[in-house]
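> for reference, the sequence and a predicted model appear below.
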Amino acid sequence: MLVLAGIVILHVTTVILLLVATIDNAWWVTDTAYTDLWGRWDLINLDWHYSDLKKYTEVQSDFLQSVQATSVLACFFTILALFVFVAQLFTLPKGQRFIFTGILQLIACLCIMTAASIYTAQLHTTDKKGGYGHSYILAWISFVLTLFLTITYIVPRKRNE
Amino acid sequence: MQSNGGWKGGGMGRAGPGMRGVVGYKPGDSGVSVVVLSLLAFCSPSSTLFFFWFFPSPPSSHAPSGVGTLPRQSPVRFAASVHFLGGSSNRSQKTMLRVLALASVVLLGIAPQASQAITVYTSWERHALVGSDVRLSCTFFSWRFISDDVSFTWRYRADGSRDTVSIAHYAGGEAYTDNKGVFKDRVEFVGNPKRRDGSILIKNLDFSDNGTFTCDAKNPPDIVGRPSSVRLLVFENLPIQAGVITGAIIGVVLGLLVLIVVIYYLMRFLVARRVFSLNVSKHGKKKKEGSQQRQGPAPPADPSKMKAAASEKKKQESRKDKK
């Protein structure tokens, strides 16, 4: 029972972290600007201004769109895996593995890994000022968590409870 | 109205007394009058009022001329019921028709007069490549029929300029295009005004053609309306709009997921059915044996397989306990 609660709490935490990583705008942080996958906030004369990400080249904006897509897909698959896990708790016969949940979680893990990797490799490679923000770090942490959850769902079998 | 022609079918003898009462009143009569009324209301509301008052009330049902054969009903009772039902249905139908006509007059007569403005429709924004042609469409909606004096006017205002110039005009069946200005020999009227289409074609675009094109349509006597504008943007190479790649990736992945799930369940369903159909076609009534052969241990090899199954179960139990 405790193990079950722990797994569910971990899954919910992963969902929350993924959502924060996708939505919150702190992938790349400089002194005066916060950027993320969707737009950038610039501090101009003590006022924050929101603008579109126009300062990327065309190639970079294509990569940015794929990062957007894969991180959104990762969120979606993780949430779907949570619901499928709860459903399989009641419907799966004894001794079976949570294969479907594990597969969904694996896809989510691959998606967020793809997103973070593309962001690292293609964007802000030549910027000298600034560093990665907390959303970026959360993306990598949620990659680790989703990987751990995938193993949790695929390896052990269902108990009779 | 003849009583014979007013009712279909030969079930008159067996029909109830009430049906006899409406013999002679065709259901189509009221419909025709309502249709005519609504058409008139649509065209000219004021004339409908005259029509409504002068139009004679619908033919009332006559008393049944031939009684014919009516089984099991005393003549007195039948006559009384017929008279009562015939009278009430006649009156209710008359009032219903009058209410319907009045409602149609009100709805169709008053409403269009209030909103008789002509509405012009164009696109919001058009993107085009340098050197290509672009067709700017313009249509309109009007409560009136398309008159011969329908007119379209296209005006152009360049980006950053405050001047508006006319570049195309269609009136009196003739199209006139720009022959002095920036669009000389580049504008062509390609619309069909009889079908409410007043589109123009602009050829060989240049960056200086960026701007707002306004279309104004008039359909006399329907002239009150707001012109509509379309913004033209000329690009060197068309950029992929924001979010197209994102949407494409998400859509493809979700579509694949749905497809895989559907195929998985379909295969399970088909496999189950194939097992069933195979046994029915080949072995007939031996269907139980067939399914057992695929699933569990066959009866002759029972002891060894049971031992193996038991040891497997023990292993599973130990693993569960460890967890």
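Perfect, I can see it now.
> I figured A:Gln105 hits A:Thr150, correct?
Yes. A:Gln105 is within contact range of A:Thr150, at 4.5 Å (criterion: Cβ atoms under 8 Å). Glycine gets a C-beta too; all of them are placed from N, C-alpha and C.
> which one's more surrounded, those two?
A:Gln105 (30 against 21; other Cβ atoms under 10 Å in any protein chain shown).
> continuing past the one helix or strand the more buried one maps to, what's the next helix or strand?
According to DSSP states H and E, A:Gln105 maps onto helix A:99-122. Helices and strands here follow DSSP H and E; after helix A:99-122, the next one along the chain is strand A:131-132.
> mean confidence for that following strand?
On average, the pLDDT along strand A:131-132 is 81.
> okay, now the sheet partners of it, with direction.
Looking at strand A:131-132 with DSSP bridges, its partner strands are strand A:28-29 (antiparallel).
> can you tell me what sits against the partner strand?
For strand A:28-29, the external contacting residues (Cβ atoms under 8 Å, 6 or more residues apart in numbering or on different chains) are A:Tyr34, A:Thr35, A:Asp36, A:Leu123, A:His124, A:Asp127, A:Gly130, A:Gly131, A:Tyr132, A:Gly133, A:Tyr136.
> can you put these in CSV and add neighbour count?
Supplementary listing: those in CSV, determined by neighbours: other Cβ atoms under 10 Å in any protein chain shown:
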residue, neighbour count
A:Tyr34, 21
A:Thr35, 26
A:Asp36, 21
A:Leu123, 20
A:His124, 18
A:Asp127, 11
A:Gly130, 15
A:Gly131, 10
A:Tyr132, 17
A:Gly133, 18
A:Tyr136, 20
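> for A:Tyr136, give its distance to A:Val67.
A:Tyr136 is 11 Å from A:Val67, where distance means Cβ to Cβ, to the nearest Å.
> wait, is B:Gly191 part of a strand?
No. Counting by DSSP: H, G, I helix; E, B strand; the rest coil, B:Gly191 falls outside a strand, being coil.
> distance check, it against chain A.
For B:Gly191, the distance to chain A equals 37 Å [Cβ to the nearest Cβ, to the nearest Å].
> would you confirm that that residue contacts B:Ser199?
Yes. Counting by Cβ under 8 Å, B:Gly191 does reach B:Ser199; the two are 4.2 Å apart.
> more neighbours: which of those two?
The residue with more neighbours, out of B:Gly191 and B:Ser199, is B:Gly191; 24 against 19, by other Cβ under 10 Å.
> closest one of the contacts of strand A:28-29 to B:Ala158?
Taking Cβ to Cβ as the measure, A:Thr35 is the one of those closest to B:Ala158, at 35.3 Å.
> the closest one pairs with what?
Counting by DSSP bridges, A:Thr35 is bridged to A:Trp28, A:Arg40.
> what's the longest helix in the chain?
Using chain A here. helix A:58-91 (DSSP state H).
> can you look at chain B instead?
Longest helix of chain B, by residue count under DSSP H: helix B:244-282.
> tell me which residues in that helix are buried?
Of the residues in helix B:244-282, those buried under the neighbour-count criterion (16 or more other Cβ atoms under 10 Å in any protein chain shown) are B:Ile245, B:Thr246, B:Ile249, B:Ile250, B:Val253, B:Leu257, B:Asn279.
> let's have those in a markdown table, adding pLDDT and distance to B:Thr164.
Output for the buried residues of helix B:244-282, formatted as a markdown table (pLDDT from 0 to 100; distance: Cβ to Cβ, whole Å):
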| residue | pLDDT | distance to B:Thr164 |
| --- | --- | --- |
| B:Ile245 | 83 | 38 |
| B:Thr246 | 85 | 39 |
| B:Ile249 | 87 | 44 |
| B:Ile250 | 88 | 43 |
| B:Val253 | 88 | 49 |
| B:Leu257 | 87 | 53 |
| B:Asn279 | 54 | 82 |
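> which members of the residues you listed additionally contact chain A?
B:Ile245, B:Thr246, B:Ile249, B:Ile250, B:Val253 (Cβ under 8 Å from any Cβ of the partner chain).
> burial measure for residue 94, as a count.
Reading this off chain A. For A:Lys94, using other Cβ under 10 Å, the count is 11.
> that's the wrong chain, I meant chain B
14.
> what does A:Tyr50 give?
Number of residues near A:Tyr50 (other Cβ under 10 Å) recorded here: 11.
> which of the three states applies to it?
Once three-state DSSP is applied, A:Tyr50 turns out strand.
> and the longest helix of chain B, what does it pack onto?
helix A:58-91, helix B:287-295 (3 or more Cβ pairs under 8 Å, 6 or more residues apart in numbering or on different chains; DSSP states H and E).
> just want the angle from that helix to helix A:58-91.
40 degrees (axes from the mean of the first three to the mean of the last three Cα atoms, to 10 degrees).
> distance check, the residue of chain A positioned farthest from its centre against A:Thr32.
Largest separation from the mean C-alpha position in chain A: A:Asn45, at 33.3 Å (Cα atoms, centre = their mean). A:Asn45 sits 10 Å away from A:Thr32, going by Cβ to Cβ.
> quick one on the thing from earlier: let's have the contacts of strand A:28-29 in CSV, adding distance to B:Asp163.
What follows is those, written out as CSV (distance: Cβ to Cβ, whole Å):
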residue, distance to B:Asp163
A:Tyr34, 43
A:Thr35, 41
A:Asp36, 43
A:Leu123, 44
A:His124, 45
A:Asp127, 45
A:Gly130, 47
A:Gly131, 51
A:Tyr132, 51
A:Gly133, 49
A:Tyr136, 51
